[in-house]
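Colleague: have a look at this prediction, sequence included:
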Amino acid sequence: MNNILIVTIKDWNIKNYFKLKENLYKEYNFHIIDNKEELTLDNIRKINPKYIFFPHWSWIIPENIYKNYECILFHMTDLPYGRGGSPLQNLIINKVYNTKISAIKVSKELDEGDVYLKEDFDISKGSAKEIYENASKLIFKKLIPNILRQNPTPVRQEGDIVLFKRRTPEQSNIKTLNDISINNLYDFIRMLDAPSYPKAYLELDNLKIELSEVIIKDGKLEGRFEVSKDE
């Protein structure tokens, strides 16, 4: 029976890992690393996995790991469009609401790896957290099981390369939004609304106003705001 390793720190992925393990326990031995400090070659050697899956992983994967084991990560764009950081936020800023989750082989260059599978994915509604949760469901319910059962051969990315830059906390300031409208402000607030991400904010003298949980209702925006001293 093959060993399968999942590497992730996000709560929604950990939750779906246990569901996957429960559903496929008769076919595979599942293991998880949920602390980035534990991602070492020695720890992986103890498991000796056939595949290592990296859902929603934001750190560099060591070369001695991806060169010795088949490592697969998941990227929220139709690669090679959208290589790079902050894919969800960059997609929404560019008004790309119908995208794909690409399962790719980890390689030296960022997001340039060969593609195992792609699945359509809609990001037109919901907060960033809700979108990440939906992506996680797609990855654990469909992409990972399909890779395990089909053992697809990854193929080279084709098409024009478009690079994304990782967003900075300062870009969460609403004043950086070029065209302020109801729809654009809705997108801006929701795309930043997830745990550990810098929320959309405004500065007023020495105060910082953070916005979240936004919805459009009767042509107006409703949501939550928090005011704190700007430090």
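Modeller: That came in fine, so what should we check first?
Colleague: just give me the residue closest to the centre of this structure.
Modeller: residue 56 (4.0 Å; Cα atoms, centre = their mean).
Colleague: thought it was touching residue 16?
Modeller: No. Between residue 56 and residue 16 there is no contact under Cβ atoms under 8 Å: 10.8 Å. Placement of C-beta: from N, CA and C, glycine included.
Colleague: list residues touching both of these two?
Modeller: residue 136 (Cβ atoms under 8 Å, 6 or more residues apart in numbering).
Colleague: what's the closest non-adjacent residue to the residue nearest to the centre of the chain?
Modeller: Take residue 56 and drop its neighbours on the chain: the residue closest to it by Cβ to Cβ, 6 or more residues apart in numbering is residue 10, 5.1 Å away.
Colleague: isn't the one you found up against residue 136?
Modeller: Yes. In this structure residue 10 lies within contact range of residue 136 using Cβ under 8 Å: 7.2 Å.
Colleague: follow-up on the earlier one: wait, what's in contact with the residue nearest to the centre of the chain?
Modeller: 8, 10, 13, 74, 132, 135, 136.
Colleague: what's the closest of the residues you listed to residue 64?
Modeller: residue 8 (20.2 Å; Cβ to Cβ).
Colleague: number of residues surrounding that closest one?
Modeller: Here the count is done by other Cβ atoms under 10 Å, and residue 8 has 22 residues near it.
Colleague: residue 35 too?
Modeller: 9.
Colleague: I'd assumed residue 14 was in contact with it.
Modeller: No. Applying Cβ under 8 Å as the test, residue 35 and residue 14 come out as separate, 11.1 Å apart.
Colleague: ok, the residue of the chain positioned farthest from its centre - contacts?
Modeller: No residue in the chain sits farther from the centre than residue 205, which is 34.5 Å out by Cα atoms, centre = their mean. By Cβ under 8 Å, 6+ apart, the contact set of residue 205 is empty.
Colleague: next, it: phi, psi?
Modeller: phi 50, psi -120 (degrees, to the nearest 10).
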